[in-house]
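# Could you work out the structure for the sequence below:
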Amino acid sequence: MIPVAEAIQIVLSRAPKLEAEEVSLTESLGRILAEDIIADSDLPPFDRSQMDGYALRADEVQQTPARLSVAGESIAGKGWHHELQPGTAVRIMTGAPVPAGADSVQQVELTKESEGVVEILEPVNQGRSIVRRGAEIKAGEVVLRIGDQINAAMIAVLASFGYETVQVSAQPRVSVLATGSELVSVSQQPGQDQIRDSNNYSIGAYAKLTGALVKLMPLAGDDIGILKKQIGLAVERSDVVITSGGVSMGSYDFTKAALRELGAEILFERVALRPGKPTVFASMPNGALVFGLPGNPVSVSVTFNLFARAALLRMQGVANPLLAKEVAVLSKALKGSLDRESYLPAQLFTNDEGQLLAEPLKWGGSSDFVAFARATALIVVPAGTGSMSEGERVRVTRLP
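Numbers count the residues shown, from 1 in each chain. Got it, this is the predicted structure:
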């Protein structure tokens, strides 16, 4: 067995960077940037009013009430582009350009206008309610970086700086394949000793969260000939192939044998991990990567998120593709493992004092996918830790 950290580093070292492609702004949500995004203008592009009111010289309204002639009006999209003269003010709206010569804006609630004269009822400090040109971003600055995943807020940034199209990483092509003669399609009524396939769907869903293009392969049963054929087809058209089941030491566990017969280089096949010890990672002759995950649904979720997720994100250029770790306090005791690092399902919540708590879920082992469905995080228990008590600090990692 190899440690989890070593297995992750092997995965990352073998994950190739995919090429970039150009997509339209409207198709870029969720994609990974393959170029730095540069501001093509100052933001704001002019001195901008933060509120409705009057643009004026602050030193003229230190003694109030003060009366100023209204010289004009500046509104968003149509500014008043003249020099403000002494003794005058300009009516201004939120977002509108502040005219030259004005150094402050007094909010409209503290003014009274009548017949072309505005009465300023309270003094205003110089610079009040004005956002200066370039205060947010200067032209030429990097505003988003290679490896950022584009979210809805970033769409506004791209649009504001003229990115009608954007360079993003190509999406990994992923084929998903479940093994096991006990599996039947989700549309079938299981017979005696059978269960419906769930791993294909959970793996596919997790892979889609990384931005991958996913194809679900037909079930392979426990036939090494069918398995070899299915893996061979998947490898030809995929960057990554993810199988589930058939990786232990039983008489019907054929995944490793099939991979070796197809010329795969097995990079690791057992990890000091609970759950998920019999996890396989291999490289095919054409460069495609293969993850052979255990068959139990909870082990599938844990091993996918530790290993396959990291590879898929690294292939798209994400700088830090690993699940982030935080520190929480155990809300009740749990058991660890003496020889393996444990990743145990939990729910996170915050108590009245603002302290992050981790509550281990009661579950029946790595096949208990119903209990695991309620998990929002994994508690990380170091190898050699037989148990941990309520109130101890633990590392946790949030599930996608």
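# How about L56: what's its closest non-neighbour residue?
Among residues not flanking L56 along the chain, A89 sits closest, at 4.2 Å (C-beta to C-beta, 6 or more residues apart in numbering). In short, each C-beta sits where N, CA and C put it, glycine included.
# Wasn't the one you found part of a strand?
Yes - applying DSSP: H, G, I helix; E, B strand; the rest coil, one finds A89 inside a strand.
# My guess is it contacts Y54. True?
Yes - contact criterion C-beta atoms under 8 Å: A89 and Y54 qualify, at 4.3 Å.
# any low-confidence regions in the chain?
Within the chain, the stretches with pLDDT under 70 are 248-253, 363-367.
# Domain map for it?
The chain breaks down by automatic domain parsing into domains covering 4-18+171-315, 26-43+145-169, 48-131, 325-398.
# just checking, Q85 is part of a strand?
No - Q85 sits outside any strand when classified using three-state DSSP, being coil.
# Going along the chain, name the helices of this protein.
Ranges of helices in the chain, per DSSP state H, are 4-14, 152-160, 199-209, 224-237, 255-261, 297-303, 309-315, 369-372.
# Tell me which of these sits most buried.
helix 297-303 (a mean of 27; mean count of other C-beta atoms under 10 Å).
# Check this structure for me, the residue farthest from its geometric middle.
E115 (56.4 Å; C-alpha atoms, centre = their mean).
# that older thread, for I137, which of the domains of the chain is the nearest?
Across the domains of the chain, I137 has its closest neighbour in domain 26-43+145-169 (4.1 Å, C-beta to C-beta).
# which outside residues touch stretch 266-282?
Residues from elsewhere that reach stretch 266-282, judged by C-beta atoms under 8 Å, 6 or more residues apart in numbering: 1-4, 7, 10-11, 14, 247-249, 255-256, 259-260, 264-265, 283, 289-294, 296, 298-299, 302-303, 306-307, 337, 339-343, 365-366, 383.
# Contact partners for G245?
Going by C-beta under 8 Å, 6+ apart, G245 touches A178, T179, G180, L183, N199, D253, T255, L293, P294, G295.
# Now do L313 against A319, distance only.
To A319, L313 is 9 Å away according to C-beta to C-beta, to the nearest Å.
# likewise V11?
Taking C-beta to C-beta, one finds V11 at 16 Å from A319.
# returning to what we had before: OK, contacts around the residue farthest from the centre of the chain?
Here E115 is in contact with no residue (C-beta under 8 Å, 6+ apart).
# now do Q167
Q167 neighbours (C-beta under 8 Å, 6+ apart): A20, E21, E22, L33, A34, E35.
# one more time with 7 Å, if that's ok
With contact set as C-beta atoms under 7 Å, 6 or more residues apart in numbering, Q167 has these partners: A20, E22, A34, E35.
# Looking at those, which is nearest T397?
When the contacts of Q167 are compared against T397 (criterion: C-beta to C-beta), the nearest one is A34, at 27.0 Å.
# burial of the closest one, as a residue count?
For A34, the neighbour count with other C-beta atoms under 10 Å is 20.
# How about the one 3 residues further on?
When counting by other C-beta under 10 Å, one arrives at 21 neighbours for I37.
# ok, the residue nearest the centre of the chain to K362 distance?
The centroid of the chain falls nearest to Q149 when counting by C-alpha atoms, centre = their mean (6.4 Å). According to C-beta to C-beta, Q149 and K362 sit 34 Å apart.
# Count the neighbours of E119 for me.
E119: 15 surrounding residues under other C-beta under 10 Å.
# That one - nearest residue in space that isn't next to it in sequence?
K112 (4.5 Å).
# Surely the one you found and Q106 touch.
No - at 11.2 Å, K112 does not count as touching Q106 under the criterion of C-beta atoms under 7 Å.
# This completes my enquiry, with thanks.
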